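> I would like the atomic coordinates for the input below:
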Amino acid sequence: MKSVFALICGLLFGAGLAMSGMTDTAKVLGFLDLFGRWDPALMFVMGGAVVVTLVGFRLVLRRSRPVCDERFNLPANRRIDRRLLAGAAVFGLGWGLYGYCPGPALSALVYLEIKTLAFVLAMISGMAVVHGWEKREAKRL
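The predicted structure is shown next:
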């Protein structure tokens, strides 16, 4: 049942990204072009997401446990460290160079564009490299 809810949430998220235009790299890059043809649409999409998240988290975290799990899996690390900064930099570079972050990139695969497929493959490869590096580092400690 948990997988069914995850699939429904993912499909809803992807549809929302497509409807808001966030699967269009030109629209995202237009938001980042502050001194050219700036497009504020992404700001409104992010603002709406922040409002929904603030309200949603307050309501959901009142429960003793999630509907489809034994406990809430919230991040425990609150430190700003080298790993976080490096990840943010790589995320920002990918977003700024191509106009996608992971969610919209996966959603845009339905358009069957080779550039998007290349981006997603590079993203997955990067994740695999970092995962392998972290496993190796954990063994050394």
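
> contacts and neighbour counts: CA atoms only from here.
OK.

> and the gap between residue 26 and residue 140?
Distance, residue 26 to residue 140, by CA to CA, to the nearest Å: 44 Å.

> just residue 58 next, same as before
The gap separating residue 58 from residue 140 is 40 Å, by CA to CA.

> settle it for me: which of those two has more neighbours?
Set residue 58 next to residue 140 and count neighbours by other CA atoms under 10 Å: residue 58 wins out with 10 against 7.

> identify the residues contacting that one.
Applying CA atoms under 8 Å, 6 or more residues apart in numbering to residue 58 gives no contacts.

> immediately after the helix or strand containing it, which helix or strand?
Residue 58 belongs to helix 41-60 when assigned by DSSP states H and E. For helix 41-60, the following helix or strand on the C-terminal side (DSSP H and E) is helix 82-98.

> quick check: mean pLDDT of the helix or strand harbouring residue 130?
Assigned by DSSP H and E, residue 130 belongs to helix 114-140. Across helix 114-140, pLDDT averages out at 91.

> so which elements touch it?
Applying 3 or more CA pairs under 8 Å, 6 or more residues apart in numbering; DSSP states H and E, we find helix 114-140 packed against helix 102-107.

> buried sites along the helix it packs on?
For helix 102-107, a neighbour-count test (16 or more other CA atoms under 10 Å) marks 104-107 as buried.

> got JSON lines for those residues, with distance to residue 77 too?
Below are those laid out as JSON lines (distance: CA to CA, whole Å):
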{"residue": "104", "distance to residue 77": "26"}
{"residue": "105", "distance to residue 77": "27"}
{"residue": "106", "distance to residue 77": "27"}
{"residue": "107", "distance to residue 77": "29"}
